[in-house]
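# coords please:
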Amino acid sequence: MEIVNPLAENYSSIYSGQLDAVLQEIEITTQASHPHAHLLSGSLQGKFLEMISLMIKPSRVLEIGTFTGFSALCLLKGMSEYGMLHTIEIREEDANTAMHYFEKANEKNRIQLHIGNALKIIPELKEIWDLVFIDADKVSYIDYYELTLPMVRSGGWILVDNVLFHGQVLQDPLTGKNPKAIHEFNKHVANDKRVDKIMLTIRDGLTLIRKL
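Reported below is the predicted structural model:
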């Protein structure tokens, strides 16, 4: 199911700011050659991530799900000069691809790439986060959220991708482990009095969460 009309998304892309050369290369190369290219954030969402980062101006960012490095470099755009972005990727091949692009963008000194299981790595990171971006395996979304929320500063932010999961969360009855997991996550956040939140119909759905 198409949540956003492709014509509308293309029109929005035309009249939005453009990505830099490295980000364009990541998008084109990933789309052309990666078997899971649909996992890429894409140019319109990438520009949104950049704008959010520029508004927040975070010093400490955690990304759960690096993929080929696109979203990390978008989020880095608004970070303070001495900030650090930690990103976690379970697949070594994708992590190596991301590191290649981090180096090409001359940003590897501001990015700490962790390879492995995020559920094990997150508790080891002794940071207070200004911004967390969750875009990894869907069945673990509630676990990622509960692990990171105590580590987010008051007034800090969590961004969560794929909260509409290709429109499958709208089906009745729900089928499939991922749509079910995303629906449970959405209910979990909606009922959480520790945060304020808004679900946006950008690409595959993004929820913007602010810790109170």
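# Where is the longest strand in the protein?
strand 152-161 (DSSP state E).
# Just the mean pLDDT for that strand, thanks.
Averaging pLDDT along strand 152-161 yields 98.
# shift numbering so it begins at 157
Sure, I'll start numbering at 157, so the last one becomes strand 308-317.
# Specify the local secondary structure of Met207.
When classified by DSSP: H, G, I helix; E, B strand; the rest coil, Met207 comes out as helix.
# for it, what are its contacts?
By CB atoms under 8 Å, 6 or more residues apart in numbering, the contact list for Met207 reads Gly234. For the C-beta atoms, the positions are set from N, CA and C on the backbone; glycine is no exception.
# Quick one: name whatever helix or strand follows the longest strand of the chain.
Under the assignment DSSP states H and E, the closest C-terminal helix or strand after strand 308-317 is helix 333-346.
# which secondary structure elements does that next one contact?
helix 297-304, strand 351-356, strand 362-367 (3 or more CB pairs under 8 Å, 6 or more residues apart in numbering; DSSP states H and E).
# gap between the residue lying farthest from the centre of the chain and Pro335?
The C-alpha centroid of the chain is most remote from Pro329, which lies 27.6 Å away (CA atoms, centre = their mean). Pro329 sits 10 Å away from Pro335, going by CB to CB, to the nearest Å.
# what's the answer for Ile212, then?
Ile212 is 30 Å from Pro335, by CB to CB.
# quick revisit: could I get the helices and strands packed on helix 333-346 in a markdown table, plus columns for mean neighbour count?
Below are the helices and strands packed on helix 333-346 laid out as a markdown table (neighbours: other CB atoms under 10 Å):
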| stretch | mean neighbour count |
| --- | --- |
| helix 297-304 | 19 |
| strand 351-356 | 14 |
| strand 362-367 | 19 |
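# Quick check: closest non-adjacent residue to Thr331.
In space, and not counting its chain neighbours, Thr331 is closest to Gln324: 7.8 Å by CB to CB, 6 or more residues apart in numbering.
# ok, so what distance separates that neighbour from His339?
With CB to CB as the criterion, Gln324 and His339 are 9 Å apart.
# before we move on, what about Leu218?
24 Å.
# Between those two, tell me which one has more neighbours.
Taking other CB atoms under 10 Å, Leu218 and His339 do not tie; Leu218 has more neighbours (29 against 17).
# Lovely, talk soon.
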